[in-house]
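predicted structure and sequence below. I'll ask about it afterward.
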Amino acid sequence: MEIPKKKGKLAGAVKKQQTKVSVDGLAYGAHRPASYPLSSFGIITPVFQFTVSPWWPFVVLSVSVCFIIVAISWWRMHAFVALLLASLVAGLLTSRASWEVIGKDGKAVVYSHWVGVIEHIAKGLGDTARDIAISIALASIIGMCLMESGAADKVVRRFLKIFGEKRAGWALLWSTYILSIPIFFDTMFMLMVPLAKALRLRTGKDYMLYVLCVCCGGVITHSLTIPHPGPLAMVDSLKIDIGVSLAAGLIGGLIPAVIGYFVCVFLNSRIDVPIRDTQLTLTEIGKPESELPSLFWSMAPVVLPIILIGFSSLFRVIADGATKGDQQTAWCVAAYNALGGEANFASVRGTVDFFGHKNIALFIGAGVSLLVMARQRGYGREKLEQLVGPPLETAGMIILITSAGGAFGGMLRVAGVGDAVKAAADGQAVNLVMLSYVVSVVIRIAQGSATVAMLTTASIIAPMMEPLLADGTLGIHPLYIYLAIGWGAMGFSWMNDSGFWVVNRLSGMTQRETLQSWSVLTTCLSITGLVTTLLASKILPLA
């Protein structure tokens, strides 16, 4: 392609090829220029003429992901800063002459290329924070209260009583599986590791089994269930009902969790890890039963939000099944009429949807957990205020990192990565579930963060999924895409993943032992999850 020699000709060439697109409420002036426009500075750079290539979005993806790897692993840059700078890199490499960004007043503002990139990053970060911030903050409060009140300890002890000490691995796995729904992985692991050490001191064996069972239960919910940040962002990008995603994550994780247990047993038989914290004694672990809340109140902060969200989803299913003409379902029609029919159902549903909104449901769960903790420990308002502060500070950092990941994923979407993947897959027998998994696991292994892998992959896959869903040719429910991305983001955790170091440091394992156990377990769970998701999508497509 011949490159215009003069600035005026370049501007004319750009103008002729300019079109307008809209993505997620953001309007942009887009084009395919003869060369990359640096009009903000009046610079012509012929080297960027190849940005017209249909493969250029893959270059944008590769360069930005490599930047994240280098920034975090080599330069030791904080993840929030690295993700923002990666978003900036991706935006500057995107071949757009100008951007029209919808401001807070609802009006479109036209920005030059460089300024438009900054505005889009800010808006992407804000939009992501809007969707996840409240839920993450409230979940952090619930997690703190479960630990401080002794509720989490109560649940674990009850599971140990049910399964027995000989099957303590099962008890640790399933108690972690339930408790980790509102508790972030690193916090959950810190809570459960002392119990694993206590069991090792009692039995004199199987420390690796106990540690890995905790990991198995916690890592699955981290990638598959709200209110964890990755699943929260995926629900928004893929337009999946909150309650459906929660049910799918919990049910979809059951078979991999069972298989994961046997992987834990196998690894335990091959690797004998001693407790290297020699100062730990049994007397330092656990509290008397009299100091713990009842099982009902221990479970209430976790179960109550799930029930409320579930009811909201159930009412949506009833409404769809009773009002969609030829797609009506008998039980939905019966339930619709029993709840007042057309005259009263909307009013009842409005109330249920309010209390079943994820933020309200978690607010109620947080309130219950605070009441349980205050009653159990005799804390007053001043003490409660002191205890709530630290988890909110932790949540703030998680929100910032996750929101920066959302901005990065949004920038990749605008850069056309999703469209490029779709174009590359056109004419090929590509399974969208498999494609979602592959993209997610590659990004996960490359940069380490499961949350960033989920955010980025959802942003890439959503533009491919939406038209297929609209014309009814997708063939499966979007929740299978959701599950595939989550399982992919779980694959092969190694040294660029913060979870790797949480397990390594708190368990006392060496780096080699962590690679031989934790990394193998996450990979096995990831592959098992993919297989079960593919099978379920064939047997029960739910389309």
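Now that the structure is in, tell me what you want to look at.

burial of residue 76, as a residue count?
By other Cβ atoms under 10 Å, 8 other residues sit near residue 76. The way it works is simple: take the backbone N, C-alpha and C, and place the C-beta from them, glycine included.

is it part of a helix or strand, or is it coil?
Three-state assignment for residue 76 (DSSP: H, G, I helix; E, B strand; the rest coil): coil.

list phi and psi for it.
Dihedral angles phi and psi of residue 76 (degrees, to the nearest 10) take the values phi 60, psi 40.

do you know how far it is from residue 521?
Taking Cβ to Cβ, to the nearest Å as the criterion, residue 76 is separated from residue 521 by 27 Å.

with residue 345 instead?
From residue 345 to residue 521 the distance is 47 Å (Cβ to Cβ).

between those two, which has more neighbouring residues?
For residue 345 versus residue 521, neighbours defined as other Cβ under 10 Å are more numerous around residue 521 (24 against 20).

hang on, the more buried one packs against residue 215?
Yes: in this structure residue 521 lies within contact range of residue 215 using Cβ atoms under 8 Å: 6.1 Å.

list the contacts for residue 381?
Counting by Cβ atoms under 8 Å, 6 or more residues apart in numbering, residue 381 makes contact with nothing.

how far away is it from residue 370?
Residue 381 is 10 Å from residue 370, by Cβ to Cβ.

and for residue 463?
In terms of Cβ to Cβ, residue 463 sits 42 Å off from residue 370.

same check on residue 219?
Distance from residue 219 to residue 370, by Cβ to Cβ: 28 Å.

give me the pLDDT value at residue 23.
pLDDT recorded at residue 23 is 36.

could you do the one 10 residues further on as well?
If you check residue 33, the pLDDT there is 35.

residues contacting the residue nearest to residue 220 when sequence neighbours are not counted?
In space, and not counting its chain neighbours, residue 220 is closest to residue 253: 4.2 Å by Cβ to Cβ, 6 or more residues apart in numbering. Listed by Cβ under 8 Å, 6+ apart, the contact set of residue 253 reads 177, 220, 221, 224, 225, 529.

who's in contact with the closest residue in space to the last one that isn't next to it in sequence?
When you say that, I think you mean residue 529. Spatial nearest neighbour of residue 529, excluding adjacent residues (Cβ to Cβ, 6+ apart): residue 487 at 3.4 Å. Residue 487 makes contact with 223, 224, 256, 437, 440, 525, 526, 529, 530, 533, according to Cβ under 8 Å, 6+ apart.

would you list the residues you listed in JSON lines and tack on secondary structure, neighbour count and pLDDT?
Putting those into JSON lines (DSSP: H, G, I helix; E, B strand; the rest coil; neighbours: other Cβ atoms under 10 Å; pLDDT from 0 to 100) gives the following:
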{"residue": "223", "secondary structure": "helix", "neighbour count": "31", "pLDDT": "94"}
{"residue": "224", "secondary structure": "helix", "neighbour count": "30", "pLDDT": "95"}
{"residue": "256", "secondary structure": "helix", "neighbour count": "25", "pLDDT": "97"}
{"residue": "437", "secondary structure": "helix", "neighbour count": "27", "pLDDT": "96"}
{"residue": "440", "secondary structure": "helix", "neighbour count": "31", "pLDDT": "92"}
{"residue": "525", "secondary structure": "helix", "neighbour count": "24", "pLDDT": "97"}
{"residue": "526", "secondary structure": "helix", "neighbour count": "25", "pLDDT": "97"}
{"residue": "529", "secondary structure": "helix", "neighbour count": "28", "pLDDT": "97"}
{"residue": "530", "secondary structure": "helix", "neighbour count": "24", "pLDDT": "97"}
{"residue": "533", "secondary structure": "helix", "neighbour count": "29", "pLDDT": "97"}
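
what count of nearby residues applies to the residue nearest to residue 362 when sequence neighbours are not counted?
In this structure, residue 362 finds its nearest non-sequential neighbour in residue 138, 3.9 Å apart by Cβ to Cβ, 6+ apart. Neighbour count of residue 138, defined by other Cβ under 10 Å: 27.

now do whatever helix or strand residue 138 lives in: distance to the chain's middle.
If you go by DSSP states H and E, residue 138 is part of helix 113-149. Chain-centre distance of helix 113-149: 12 Å, with Cα atoms, centre = their mean, to the nearest Å.

name the helices or strands packed onto the helix or strand that that helix is followed by?
As assigned by DSSP H and E, the chain's next helix or strand after helix 113-149 is helix 151-163. When contacts are defined as 3 or more Cβ pairs under 8 Å, 6 or more residues apart in numbering; DSSP states H and E, helix 151-163 sits against helix 168-179, helix 185-203, helix 295-323, helix 358-377.

poorly predicted segments of the stretch 1-150 of the chain, please.
For the stretch 1-150 of the chain, applying pLDDT under 70 flags the ranges 1-52, 97-99, 105.

try it again with 80
1-55, 72-73, 95-113, 147 (pLDDT under 80).

quick one, strands of it?
19-23, 26-30, 36-38, 43-45, 98-102, 108-112 (DSSP state E, counting those that start in this stretch).

ok, so what distance separates residue 412 from residue 86?
Using Cβ to Cβ, residue 412 is found at 9 Å from residue 86.

no, scratch that, I was asking about residue 154
Going from residue 154 to residue 86 by Cβ to Cβ gives 43 Å.
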